[in-house]
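*Asks:* generate coordinates for the sequence data below:
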Amino acid sequence: RTAFNTLARKTAGSVKLVGTYEVAPLGTRQFGTYAFTGSSGGITTRCAVFTSTLGNHYEFALVPLTVSGRDLPADREQQAVFNSILATVQY
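*Replies:* Take a look at the predicted model:
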């Protein structure tokens, strides 16, 4: 929630939370996850926040972009990629 609130403050409230905040336990690590859209509401960005073993906080985001004129991947495919990244980060 803190990460999204910071983002909302930096963007003067032009972002909108999609769905709810979730906790994604994966192995020994827990990720706080959320998704948001910009003011136009078009592209959904997925974010995850976690704390390292040294106590540092990190956040990463998966932002779908159109490259070479290709269509954006389906929502299910984007979620699969996001989950794959979460699995990789735990190591």
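
*Asks:* what segments of the chain are helices?
*Replies:* 2-10, 75-89 (DSSP state H).

*Asks:* is it true that A61 touches C47?
*Replies:* Yes: using Cβ atoms under 8 Å, A61 is in contact with C47, at 4.6 Å. Heads up, the C-betas are built off the backbone N, CA and C, glycines and all.

*Asks:* out of these two, which sits in the more crowded spot?
*Replies:* The neighbour comparison of A61 against C47 (other Cβ atoms under 10 Å) goes to C47, with 19 against 15.

*Asks:* where does pLDDT dip in the protein?
*Replies:* Applying pLDDT under 70 to the chain flags residues 41, 90-91.

*Asks:* quick one, what contacts the residue sitting nearest the centre point of it?
*Replies:* Nearest to the mean C-alpha position of the chain, counting by Cα atoms, centre = their mean, stands C47 at 1.3 Å. Going by Cβ atoms under 8 Å, 6 or more residues apart in numbering, C47 touches 3-4, 33-36, 59-62.

*Asks:* got a list of contacts for the biggest strand by length in the chain?
*Replies:* The residue-count maximum for a strand in the chain (DSSP state E) belongs to strand 16-26. Outside strand 16-26, the residues within contact range by Cβ under 8 Å, 6+ apart are 1, 4, 30-39, 41, 44, 48, 86-87, 90.

*Asks:* which of those residues fall within strands?
*Replies:* 30-37, 44, 48.

*Asks:* derive a PyMOL selection command for the buried subset of those residues.
*Replies:* Selection of buried members from the ones in strands among the contacts of strand 16-26 for PyMOL, criterion 16 or more other Cβ atoms under 10 Å:
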select buried, resi 31+32+33+34+35+36+44+48
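
*Asks:* hang on, L7 packs against V15?
*Replies:* Yes: using Cβ under 8 Å, L7 is in contact with V15, at 5.9 Å.

*Asks:* joint contacts of these two?
*Replies:* Common neighbours of L7 and V15 (Cβ under 8 Å, 6+ apart) are F36.

*Asks:* how about the nearest residue to F36, chain neighbours excluded?
*Replies:* In space, and not counting its chain neighbours, F36 is closest to V15: 4.7 Å by Cβ to Cβ, 6 or more residues apart in numbering.
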